[in-house]
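**Student:** Here is my input; please provide its structure:
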Amino acid sequence: MKNQLAGTGALLRLALRRDRVMMPVWTLVTTVMVVSMPGSLGSVYATAAERARAAASMNANSSMRALYGPVFGDSLGALTAWRGGVYAAVLAAAMSLIIVVRHTREEEETGRQELLSAAMVGRRAPLTAALLTALTANACVALLVAGGLAGQGAPGAVALGLAVAATGTFFACTAAIAAQLTESARAAKGITAAVLGAAFVLKAAGDAGTEGGRSALTWASPLGWVENVRAFAAERWWVLLLFAAAVTVQAGAAYALAGRRDLGMSFLPSRPGPAEGRLGTAGALAWRLQRGSVLGWSAGFLVAGVVFGGMADGAADLVGDNDRTREIIERMGGQGGAGGAGAQVAQGALTDAFLATMAGMFGMVAALYAVSSVLRLSAEESGRRAEPLLANAVGRLRWAGGHLAVAFGGSALILLLAGLGLGLGHGREPGAAIGAALAQLPAVWLIGALAALLYGAVPQYAAAAWAVAGGALALGWVGPALNLPQAALNLSPFAHLPRLPGAQALDPAPLLVLTVLAAALTAAGLGALRRRDTVA
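**Tutor:** Below is the predicted model:
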């Protein structure tokens, strides 16, 4: 076994060096989201009586339980764990799956691992180094969260930090298994992301149906374990043992699989496809390569739309007379009514503001799809699968145009289905909800166009498009709750879109400007791609 781990230290140092920017940024974003919550929640619920009433209202509202889970205490720490614990765990899980797949399957896919393995590198050293890198990142998250929330109570801060880090480690091991099963990094990420999405759905369904996190569905999800640690509310330390057991089992499975396959191979090899017929064009090939992703995102957005549409009336009921909560929802989703934050706002107007908030969230998440789809070009080029195509009668613009058409067209499809789901879930005419979702398209296309420009002009920095999409998501989701200045919120293209449904008047100018900018950036990216050399 010792020889099989040879070179682990060198590979770990290499991985930490390669992730020296991504890991600190992701860690800080996750930490700031959590440690800023007490101040934000303290401004919303200033007294213990207000917090107790809010906790009781949230626990009685199945929509809010599905979205955030149950509240186990009325302290600022307990409300922080309720509001940000699961979502911080999701961010830690996303960070972990990217790290592990990047340093395992992606290295094999690009051929770099074959070069490294020609030296004194053991069979299981790459997997070990990848898991240790993810463990290091999650340990940093745990330390920062625990330190940032220590003022709310040291035991609760440590429990929440460990729960978030344990979730990240859990999904790091899930990604390690997926990397052994599949032949491409994209598929490994997709499988792990699907497991993460299923975990959230299980937790949401369990919490919606049963109070107190007692549902079997909640306990079947690792995200349900996060809330059942009960940070800042008589902590259940033994729940962390579930994470330890699951991590041990998954890591053992990943190591066993890694020892039973050849380098570059997988247990689920890709099927060879025909080179003629429906795949006779570059666009058809792009669709064949990306159709699984498009269909998966489409199904997920439709289901999520139905779920969140059904929450709309319940969310408006929960706001009640709390001026600060109403202000946050209106700031995220547009004006809920005239008269300022202190005015009594009609139920229908608050419902429209909530639906507008959800439409905006779908748009910001769709930007992640757009970036992923555009950067498929980079994966095809770095994996040397583009060279055989470009050596024939297929020009660069036709090849890239096929993938961009799938990226931009797929964005429109998944947002259309998200709007349809919102309308069906809320039980109203779906036309308004579909329009609200599709109004997000210009901003989604702009971020996708920026990814195309980076890929075409500076392919070595194309991954920076993820930071742009993530920054827009953070500004839109956390910014209003933290009362960031409007100048900061305006850095996101989504801040310039009309808030539908419920906007007083639809101004088409921002939609047109963002669309024109997206077209210009895409054209510039294609022009740069046409002039540069392919990536070696």
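**Student:** which other helices and strands contact the longest helix anywhere in the chain?
**Tutor:** In the chain, with assignment by DSSP state H, the single longest helix is helix 282-319. If contacts are counted by 3 or more C-beta pairs under 8 Å, 6 or more residues apart in numbering; DSSP states H and E, helix 282-319 sits against helix 62-68, helix 185-209, helix 323-333, helix 347-374, helix 376-382, helix 396-426, helix 430-438. Using the backbone N, CA and C atoms, a C-beta is placed for each residue, glycine as well.
**Student:** Out of those, indicate the one that is most buried.
**Tutor:** Ranked by mean neighbour count under mean count of other C-beta atoms under 10 Å, the helices and strands packed on helix 282-319 are led by helix 347-374, which reaches a mean of 25.
**Student:** how far out from the middle of the chain is that helix?
**Tutor:** How far helix 347-374 lies from its chain's middle: 13 Å, per C-alpha atoms, centre = their mean, to the nearest Å.
**Student:** again with stretch 420-431
**Tutor:** On C-alpha atoms, centre = their mean, the centre of stretch 420-431 falls 24 Å from the chain's centre.
**Student:** Please enumerate residues in contact with that stretch?
**Tutor:** With contacts defined as C-beta atoms under 8 Å, 6 or more residues apart in numbering, stretch 420-431 is touched by 301-313, 351, 355, 358-359, 419, 432-434, 436-437.
**Student:** can we see that at 7 Å?
**Tutor:** 301-310, 312, 355, 358-359, 419, 433-434, 437 (C-beta atoms under 7 Å, 6 or more residues apart in numbering).
**Student:** can you dump the C-alpha coordinates of that stretch into CSV?
**Tutor:** Extracted in CSV, the C-alpha atoms of stretch 420-431 (Å, rounded to 0.1, in the frame of the first residue of the first chain):
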residue,chain,number,x,y,z
LEU,A,420,-43.9,27.2,-16.6
GLY,A,421,-43.3,25.3,-13.4
LEU,A,422,-43.7,28.5,-11.3
GLY,A,423,-47.0,29.2,-13.0
LEU,A,424,-48.3,25.7,-12.5
GLY,A,425,-47.1,25.4,-9.0
HIS,A,426,-48.7,28.7,-8.0
GLY,A,427,-51.9,27.7,-9.8
ARG,A,428,-52.1,30.9,-11.9
GLU,A,429,-52.0,31.7,-15.6
PRO,A,430,-48.4,30.5,-16.5
GLY,A,431,-47.9,33.2,-19.1
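**Student:** tell me which residues in stretch 247-257 are buried?
**Tutor:** Buried residues in stretch 247-257, defined by neighbour count with 16 or more other C-beta atoms under 10 Å: 247, 250-251, 254-255, 257.
**Student:** farthest-separated two in these?
**Tutor:** Spanning the widest gap among the buried residues of stretch 247-257 are Val247 and Leu257, at 15.7 Å by C-beta to C-beta.
**Student:** picking up where we left off before, among the helices and strands packed on helix 282-319, which comes closest to Ser492?
**Tutor:** Closest approach to Ser492 among those (C-beta to C-beta): helix 347-374, 8.0 Å.
**Student:** Can you say which helix or strand has Thr248 in it?
**Tutor:** Here Thr248 sits within helix 239-258, counting by DSSP states H and E.
**Student:** tell me what that helix is packed against?
**Tutor:** helix 125-148, helix 154-181, helix 222-228 (3 or more C-beta pairs under 7 Å, 6 or more residues apart in numbering; DSSP states H and E).
**Student:** Could you check the second one and say which residues are buried?
**Tutor:** For helix 154-181, a neighbour-count test (16+ other C-beta under 10 Å) marks 156-181 as buried.
**Student:** Distance from the helix holding Thr248 to the middle of the chain?
**Tutor:** Distance of helix 239-258 from the chain centroid (C-alpha atoms, centre = their mean) equals 23 Å.
**Student:** Contacts for that helix next, please.
**Tutor:** Contacting residues not belonging to helix 239-258 are listed as 124, 127, 131, 162-163, 166, 169-170, 173-174, 176-177, 180, 222, 225, 228-229, 267 [C-beta under 7 Å, 6+ apart].
**Student:** what angle do it and helix 125-148 make?
**Tutor:** 160 degrees (axes from the mean of the first three to the mean of the last three C-alpha atoms, to 10 degrees).
**Student:** CA atoms only: put helix 239-258 into PDB for me.
**Tutor:** Only the C-alpha atoms of helix 239-258 are listed here, as PDB (Å, rounded to 0.1, in the frame of the first residue of the first chain):
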ATOM      1  CA  VAL A 239     -25.100  13.200  14.100                       C
ATOM      2  CA  LEU A 240     -21.500  14.000  12.900                       C
ATOM      3  CA  LEU A 241     -20.800  10.200  13.300                       C
ATOM      4  CA  LEU A 242     -23.200   9.600  10.400                       C
ATOM      5  CA  PHE A 243     -20.900  11.800   8.200                       C
ATOM      6  CA  ALA A 244     -17.900   9.900   9.400                       C
ATOM      7  CA  ALA A 245     -19.400   6.600   8.600                       C
ATOM      8  CA  ALA A 246     -20.600   7.700   5.200                       C
ATOM      9  CA  VAL A 247     -17.200   9.200   4.300                       C
ATOM     10  CA  THR A 248     -15.400   6.000   5.400                       C
ATOM     11  CA  VAL A 249     -17.700   3.800   3.200                       C
ATOM     12  CA  GLN A 250     -17.500   6.100   0.200                       C
ATOM     13  CA  ALA A 251     -13.700   6.600   0.400                       C
ATOM     14  CA  GLY A 252     -13.200   2.800   0.700                       C
ATOM     15  CA  ALA A 253     -15.400   2.300  -2.400                       C
ATOM     16  CA  ALA A 254     -13.500   4.900  -4.300                       C
ATOM     17  CA  TYR A 255     -10.100   3.300  -3.400                       C
ATOM     18  CA  ALA A 256     -11.300  -0.100  -4.300                       C
ATOM     19  CA  LEU A 257     -12.600   1.000  -7.700                       C
ATOM     20  CA  ALA A 258      -9.400   3.000  -8.400                       C
END
